[in-house]
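S.K.: When you get a sec, could you give me coordinates for this:
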Amino acid sequence: MELSFSTVSSVLDSWEKLRVHPNYEETVGIQLFKNFLTLQPNAKLALGLPRDLDITSRGTMEGNRRFAKKASYFMKFFLLMIGKVIDMLGPDMDTVEAILLDLGQRHVRYGVQPEFYVSLGQALMTTLEANLKPQDFNEKTKAAWVEVYAALSHSMILGHNQLLKETTG
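M.R.: Numbering: from 1, shown residues only. Okay, here's the model as predicted:
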């Protein structure tokens with residue numbers, strides 16, 4: 001996994017701008033979770049949510065404790081994970097890749113499907129665009145995020161597929 005200094009720098013700079021939002025884990029995390037489930041409704045079952053859960057309803061978070069708990073866990077875990085990985089971006093990408101391969105293998109047990117990564121990437125871009133100023137999420141920055149997310153998710157999908165290949169022989 002090779003990423004240029006400029007790419008990593010753009011992602012780090014925009015990530016820091018996102019993290020200064022008040023309650024960013026909650027507000028940004030909920031947006032990300034809803035954006036993801038809108039794109040990938042089949043993920044509801046993998047996350048232990050009812051298939052017919054209407055995530056577009058304003059009362060979903062307040063009225064469905066299971067959704068609120070899952071959304072809270074998902075957003076904190078994902079934002080923590082992506083924050084740690086982004087902090088590790090740089091010269092030692094082999095370590096990051098090994099961690100992501102292992103993480104991809106672990107996600108198989110949770111029912112994660114490879115197509116979930118694509119939808120999560122799209123949801124992430126939508127969420128970043130909604131929460132960063134246009135000058136902080138311009139075409140260059142978006143391209144950097146797409147490149148970084150593609151590299152990270154590719155490693156996780158490889159780990160996912162390696163485990164499936166090992167277990168099915």
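S.K.: rest of the way, CA atoms for contacts and neighbours
M.R.: Noted.
S.K.: so where do the helices sit in this structure?
M.R.: Shown for the chain, the helices assigned by DSSP state H span residues 5-19, 24-39, 43-46, 60-63, 65-88, 93-108, 114-131, 139-168.
S.K.: What's the local residue count around the residue lying closest to residue 28 once chain neighbours are set aside?
M.R.: Using Cα to Cα, 6 or more residues apart in numbering and skipping residues adjacent in sequence, the residue nearest residue 28 is residue 127, 7.0 Å away. Residues contacting residue 127 under the criterion other Cα atoms under 10 Å number 20.
S.K.: can you list the weak-confidence ranges in this structure?
M.R.: 1, 58-69, 71-72, 75, 79, 90-92, 169 (pLDDT under 70).
S.K.: Point out the most buried one among the helices of the chain.
M.R.: helix 24-39 (a mean of 20; mean count of other Cα atoms under 10 Å).
S.K.: now for that one, which elements pack on it?
M.R.: Other elements packing on helix 24-39 under the criterion 3 or more Cα pairs under 8 Å, 6 or more residues apart in numbering; DSSP states H and E are helix 65-88, helix 114-131.
S.K.: let's go with 6 Å and repeat that
M.R.: helix 114-131 (3 or more Cα pairs under 6 Å, 6 or more residues apart in numbering; DSSP states H and E).
S.K.: who does the helix it packs on touch, helix- and strand-wise?
M.R.: Packing partners of helix 114-131 (3+ Cα pairs under 6 Å, 6+ apart): helix 24-39.
S.K.: I'd like the distance from the helix it packs on to the chain centre, please.
M.R.: With Cα atoms, centre = their mean, to the nearest Å as the basis, helix 24-39 stands 10 Å off its chain's centre.
S.K.: Name the surrounding residues that touch it.
M.R.: 75, 119, 120, 123, 127 (Cα atoms under 6 Å, 6 or more residues apart in numbering).
S.K.: Switch the residues you listed over to TSV; also include distance to residue 99.
M.R.: Shown next, in TSV, are the contacts of helix 24-39 (distance: Cα to Cα, whole Å):
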residue	distance to residue 99
75	20
119	21
120	19
123	23
127	25
